[in-house]
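S.K.: Quick one: sequence and predicted model below, then my questions.
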Amino acid sequence: MKRVLNRSCIAALAIAITPLLGWSVRAEINRVRFPDLDGLVHYTTVRRGSVTEHIMTTPAALEAVKNRQPIPVGTHFVLVDYRDGQLYRYFVMEKSEGFGADYDERRRTGDWQFQWFWANKSVNLNENTARCQSCHNSQRGADYLFTAYRIPRLNGTPVE
């Protein structure tokens, strides 16, 4: 009984402290909107076993990366997630003026916000976007992007 009480107290404490740290313990709605996919350009594909991820962005973002310029406000990056050859979901990063101010400084990823969408383009509330922010924070020096290095420069060599 004592062990169960201790675990309960620890769990309650973790739940109470988490909002104070600025982290969400559940999925959330934010300001990311699903983009017009026809206006985006595919620039790389990542394969992991039965998962295939096609990654695309705006032509303006491609040009910015090629020219070592900041990614423009209004940019979307979209990861199209296929499982066993079937469309499963989308991961969307959107950069917009003031998006960073929606979060505590420790959770902020510049002015990027992240959202998961199901194949039917409805928000996927099974995914915790705080986890996305935590991971993408490791790419602060690359404007929070993991795959920008796959975009070729104007001379055809990949971005470092």
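M.R.: Received, thanks. Numbering: from 1, shown residues only.
S.K.: CA atoms for contacts and neighbours, from now on please.
M.R.: OK.
S.K.: which regions of the protein lie under the pLDDT threshold?
M.R.: 1-27, 152-160 (pLDDT under 70).
S.K.: residue ranges for the helices of it, please.
M.R.: Per DSSP state H, the chain carries helices over the ranges 2-17, 59-66, 129-136.
S.K.: and the last one, which residues are buried?
M.R.: Using 16 or more other CA atoms under 10 Å as the burial criterion, the residues of helix 129-136 that qualify are T129, A130, R131, C132, Q133, H136.
S.K.: got those residues as CSV, with distance to T52 columns?
M.R.: Shown next, in CSV, are these (distance: CA to CA, whole Å):
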residue, distance to T52
T129, 21
A130, 23
R131, 21
C132, 19
Q133, 22
H136, 20
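S.K.: Would you enumerate the residues in contact with H76?
M.R.: P35, T57, T58, V92, M93, E94, K95 (CA atoms under 8 Å, 6 or more residues apart in numbering).
S.K.: ignore the last one, D81
M.R.: Contacts of D81 by CA under 8 Å, 6+ apart are V51, T52, E53, H54, L87, Y88, R89, Y90, F91.
S.K.: Hmm, E105 and S134 touching each other?
M.R.: No - counting by CA atoms under 8 Å, S134 stays clear of E105, with 11.9 Å between them.
S.K.: Filter the contacts of D81 down to the ones in strands?
M.R.: Applying DSSP state E to the contacts of D81, the entries found in strands are V51, T52, E53, H54, L87, Y88, R89, Y90, F91.
S.K.: By neighbours, which of those wins?
M.R.: Y90 (25 neighbours; other CA atoms under 10 Å).
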